[in-house]
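Enquirer: quick one: sequence and predicted model below, then my questions.
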Amino acid sequence: MAPSAEVLTVRGLSKSFPGVRALDGVDLALHAGEVHALIGENGAGKSTLIKVLTGVYRPDAGDITFQGRPVSFATPLEAQHAGISTIYQEVNLIPLLSVARNLFLGREPRNRFGLLDFGRMHREAEESLRAYGVRVDVRQPLRTLGVGAQQMVALARAVATDARVVIMDEPTSSLEPREVETLFEVIRRLRADGIAVIYVSHRLDELYAMCDTVTVLRDGCRVHTGPLAELDRLTLVSTMLGRDLGEVRSEGLTKFTGDHHAADSVPVLSARDLTVPHKLHGVSLDIRPGEVVGLGGLLGSGRTETAKAISGALASKAASVTVAGVPLRAGSTPAAIRAGISLLPEDRKSEGIVPGLSVRENIALAALPRLSRFGLVSEAQVDKIVDTFVKRLRIKASSPYQKVGELSGGNQQKVLLARWLAMNPKVLLLDEPTRGIDVGAKAEVQKLVDELAEDGLGVLLISSDLEELIEGSDRVVVLKDGAVVGELTGDDVTEDKLMQTIAAGSPAPGAAGEVTRHG
Amino acid sequence: MTATRTETEETVARTEKELLDAAEPVGSSRSERLSALVQQHGALAVLVIVSAVASLSFDSFATGDNLSNMATSSAFLAVVALGMTFVIITGGIDLSVGSLFALGGVLAAWGSQYGTLVALLLPMAVCGLIGVVNGLLIARSRLAPFIVTLAAMLGARGLMLSLTDEGANTYLVAKGSFLAELGQGTTLGLGNPVWITLALFVAGAVVLRRSRFGQHVYAVGGNEDAAALMGAPVARTKIIVYTLSGVLAGLAGALNAAWLASGVTILGNGMELEAISAVVIGGTLLTGGLGYVSGSLVGVLLLKVIQNVINQIGSLDSSYQQVVSGAFLAVVVIAQTWLGRRRQLL
């Protein structure tokens, strides 16, 4: 790559929040046609840096030079007009508006009367989306699209606004492999057009596949900047974590320790014929104590629905779920919780944490009925439990009274995990437990899952990170179109076999007998 | 070997196709479209049915006089509901409109001594100004719309009472003035207020559906945080909708005063709730992000037709009007929630 002009230069940027110094004199130089990886653990300051660059936050100190001029954006709109657009990790569009309107919000084509030109808008929307492999009716509300397609719309929107800098904050966390490839294609095109890209991701494969340069943040400071090719993976991880290289090498990149040999004991959870119209068609599975069962399959194959049906969050027809041999009342979450089933939902933001409540309150939330007598809560008991789990799960918070909304993604996930562990569950259903959290926190969560299984918990693990699914699970049940199409056990638990089973869509050799198919 | 190979290729092709399907819309089934249709046009269907039954049951219902009276008396509520539609689509609420309606009427009647222009502009300006204050407090100071507009409702009513010496003083609109003609005259058999209302609704629909501002109204109600990140002027949009709501409430009051030839001080009590009912009955989501100007017009007509029918049933106490309206609103909200859940909007 020929040396090119600096598009965006950041010098000495600092930003503090009550009790936290989120950014501490950070420098960053971004060149035209460069894909610049921005990495760091949770709380390293990536999100804050992005928000300062895009006008969401005002910096306390430092200056930003954009295309040779000092700038100070007061709102996201100003940053967008200047030519910095952003794709956020969680899709940030308007679900009720049509796809085309989302794509064109704020820059709709208008006719000579100043009214919106819907004909042109729909035509251009369809054209621009086709380039991203999304073929949909652009008049439909955005919410009718899958998450991956929605992310593609966000991408098309960001790129279409004549941006000179495109910031992507974990753009692939909700994408399928094919969509990731489309995204990469777009990034290559941007690079060829001389647009600078800041790419934030926790997936090392992606970083090495796409990025030219890397900046590593740790505790609000920049600790490294340089060509990515000169940094091998282990050095990168150790720089990010601030840990010794040898330590990382001996522990490997994922934290799973391997098999927990669950004896052929009686299943702690046994689900038969989970059926939800249009979503699940007679899914059956068993989980034994001390076993991690993975659920494999593509987006929309019914993984999340299976977990929800087991936990009673989704009413299932004609199903029977038994916990330790005791049948469960169908479709009742309280009954499932009492029986010892805990679900860690996929969408932390909307289904899990209560951001306005403290760490302490969030942890105690589900356990309150057990911690109270005659409707009065024992504060001492709550303190004890909270203290235990904050230590055990290594939750980083300024105090138990800090609001959960202020914590990083990884720590939010740990708080959720603590909430359910406080219930003394027998079965833990984990739906994408490490999605959107950084490498360090990811490793810790993986290690915790291992420890919990060793303690005799039955674990159901859903993950779109194949490596995690394969290494974390003792057994993988493969779903497709809402039905079980195979099961991988022992040495068959490999990425290849999983792909084959998904692709074949019929029982793999040696799969368990309980396979139901519906035409 | 060849056979195996082909099989693999087929498998790959199939998987790719399935991946493509995953990107297809997930909720555009027929039942989804039906739910959307019912949500948008359900009120219209009910209006047609109720009107048809009423015309068959009561000879006096489908007469020119009755219909024309109903249209005129609907017009004022409709103008208020138009502004309310914008507010509710942004996810807000405006409780001040009933008081502003009364204040607007008094101001118009008082101002009519200085000419029609003053009589119309003064209430719009004063009520619009109160709307601006509402909008500023809601958008800039981030106060809850419910509380801010409740305060404005009390304040505006107090202001109106002080202008009329506690309601003792009623200002009159001079007979034969242009203002009186505007309120009481008819064109092509329909009262002038009806024509003005229709024109306002057409303009409102164009603004909401076909202008950038309209897109921002939907975006703010659909997801305020996302709208801000997408660069929509959230605060400005909110300030404009509350201002618009105030202006329209003032104008409705002025037209009503012109029709009645005086600024009646006891009007407008509970009108804000009637307007909210009409908007919700018309298919606008109380949670924001989805709504139709035309629906609000239908909602107003439906409320008025039901009131009229109850009046026609001579044996029924007119107090039951409110019971029926309330029950009807409850049914609509339940149906909407059900449809919304079906469509996974809520």
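Expert: Received, thanks. Nothing here was measured: the structure is a model prediction, and the numbers come from that model. Numbering: from 1, shown residues only, chains lettered A, B, ... in the order given.
Enquirer: same for the helix or strand hosting B:L150, what does it pack against?
Expert: Using DSSP states H and E, B:L150 falls within helix B:145-163. Secondary-structure packing of helix B:145-163 (3 or more CB pairs under 8 Å, 6 or more residues apart in numbering or on different chains; DSSP states H and E): helix B:97-111, helix B:116-139. Where you see a C-beta, it was placed from the backbone N, CA and C, and this is true even at glycine.
Enquirer: so what's the gap between the first one and the chain middle?
Expert: On the basis of CA atoms, centre = their mean, to the nearest Å, helix B:97-111 sits 19 Å off its chain's mean C-alpha point.
Enquirer: got the angle for that helix vs helix B:145-163?
Expert: Counting by axes from the mean of the first three to the mean of the last three CA atoms, to 10 degrees, helix B:97-111 lies at 30 degrees to helix B:145-163.
Enquirer: again with the longest one
Expert: Angle between the axes of helix B:116-139 and helix B:145-163 is 150 degrees (criterion: the same axes, to 10 degrees).
Enquirer: one step back: quick check: next helix or strand after the helix holding B:L150?
Expert: Moving toward the C-terminus from helix B:145-163, the next helix or strand (DSSP H and E) is helix B:178-184.
Enquirer: the stretch 351-500 of chain A: helices as residue ranges?
Expert: A:359-364, A:368-371, A:379-392, A:409-421, A:439-454, A:466-472, A:495-504 (DSSP state H, counting those that start in this stretch).
Enquirer: run a quick neighbour tally on the residue nearest to A:D387 when sequence neighbours are not counted.
Expert: In this structure, A:D387 finds its nearest non-sequential neighbour in A:P400, 7.6 Å apart by CB to CB, 6 or more residues apart in numbering or on different chains. A count of neighbours around A:P400, defined by other CB atoms under 10 Å in any protein chain shown, yields 18.
Enquirer: assess the claim that A:P400 and A:T388 are in contact.
Expert: No - if you go by CB atoms under 8 Å, A:P400 and A:T388 don't touch, sitting 11.4 Å apart.
Enquirer: on that earlier part again, now the helices of the stretch 351-500 of chain A in JSON lines, with mean pLDDT and mean neighbour count?
Expert: JSON lines is the format used below for these (pLDDT from 0 to 100; neighbours: other CB atoms under 10 Å in any protein chain shown):
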{"stretch": "helix A:359-364", "mean pLDDT": "85", "mean neighbour count": "25"}
{"stretch": "helix A:368-371", "mean pLDDT": "70", "mean neighbour count": "14"}
{"stretch": "helix A:379-392", "mean pLDDT": "84", "mean neighbour count": "15"}
{"stretch": "helix A:409-421", "mean pLDDT": "83", "mean neighbour count": "25"}
{"stretch": "helix A:439-454", "mean pLDDT": "82", "mean neighbour count": "20"}
{"stretch": "helix A:466-472", "mean pLDDT": "82", "mean neighbour count": "21"}
{"stretch": "helix A:495-504", "mean pLDDT": "75", "mean neighbour count": "18"}
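Enquirer: closest one to B:G191 among the ones you listed?
Expert: Nearest to B:G191 among these is helix A:359-364 (59.1 Å), distances taken as CB to CB.
Enquirer: could you dump the closest one to CSV, C-alpha only?
Expert: What follows is helix A:359-364, C-alpha atoms only, in CSV (Å, rounded to 0.1, in the frame of the first residue of the first chain):
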residue,chain,number,x,y,z
VAL,A,359,-25.0,-4.6,40.1
ARG,A,360,-26.3,-5.7,43.5
GLU,A,361,-30.0,-5.4,42.5
ASN,A,362,-29.5,-7.1,39.2
ILE,A,363,-27.8,-10.1,40.8
ALA,A,364,-30.4,-10.4,43.5
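Enquirer: residues in contact with it?
Expert: The contact list for helix A:359-364 (CB atoms under 8 Å, 6 or more residues apart in numbering or on different chains) reads A:353-354, A:371, A:377, A:382-383, A:385-386, A:389-390, A:395, A:397, A:399-404, A:407, A:415-416, A:418-419, A:422.
Enquirer: ok, now with 6 Å
Expert: By CB atoms under 6 Å, 6 or more residues apart in numbering or on different chains, the surrounding residues in contact with helix A:359-364 are A:I353, A:V354, A:V382, A:V386, A:F389, A:A397, A:P400, A:Q402, A:V404, A:V415, A:A418, A:R419.
Enquirer: next one: stretch A:150-166
Expert: A:7-8, A:83-85, A:87, A:91, A:93, A:99, A:102-103, A:128-129, A:132, A:134, A:174-175, A:196-197.
Enquirer: got JSON lines for the contacts of helix A:359-364, with distance to A:R164 too?
Expert: Listed next are the contacts of helix A:359-364 as JSON lines, based on distance: CB to CB, whole Å:
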{"residue": "A:I353", "distance to A:R164": "36"}
{"residue": "A:V354", "distance to A:R164": "39"}
{"residue": "A:V382", "distance to A:R164": "52"}
{"residue": "A:V386", "distance to A:R164": "47"}
{"residue": "A:F389", "distance to A:R164": "46"}
{"residue": "A:A397", "distance to A:R164": "38"}
{"residue": "A:P400", "distance to A:R164": "44"}
{"residue": "A:Q402", "distance to A:R164": "38"}
{"residue": "A:V404", "distance to A:R164": "36"}
{"residue": "A:V415", "distance to A:R164": "39"}
{"residue": "A:A418", "distance to A:R164": "44"}
{"residue": "A:R419", "distance to A:R164": "44"}
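Enquirer: quick check: the farthest pair among the residues you listed?
Expert: Put simply, by CB to CB the two of the contacts of helix A:359-364 set farthest apart are A:I353 and A:V382, 17.4 Å from each other.
Enquirer: what separation is there between A:V283 and A:D474?
Expert: 19 Å (CB to CB, to the nearest Å).
Enquirer: likewise for B:G191?
Expert: Counting by CB to CB, the gap from B:G191 to A:D474 is 78 Å.
Enquirer: residues contacting B:V106?
Expert: Taking CB under 6 Å, 6+ apart, we find B:V106 in contact with B:M160, B:L163, B:T164, B:G263.
Enquirer: same deal with A:E346?
Expert: Contacts of A:E346 (CB under 6 Å, 6+ apart): A:T304, A:D431, A:E432.
Enquirer: return the distance of the closest residue to chain A within the stretch 51-200 of chain B relative to B:L82.
Expert: Relative to chain A, the nearest point of the stretch 51-200 of chain B is B:I89 (9.9 Å; CB to the nearest CB). As judged by CB to CB, B:I89 and B:L82 stand 12 Å apart.
Enquirer: would you mind finding the most buried of the helices and strands packed on helix B:145-163?
Expert: helix B:97-111 (a mean of 30; mean count of other CB atoms under 10 Å in any protein chain shown).
Enquirer: show me where the stretch 151-300 of chain A has strands.
Expert: Secondary structure of the stretch 151-300 of chain A by DSSP state E, counting those that start in this stretch: the strands cover A:165-169, A:196-200, A:213-218, A:221-227, A:269-276, A:280-287, A:292-296.
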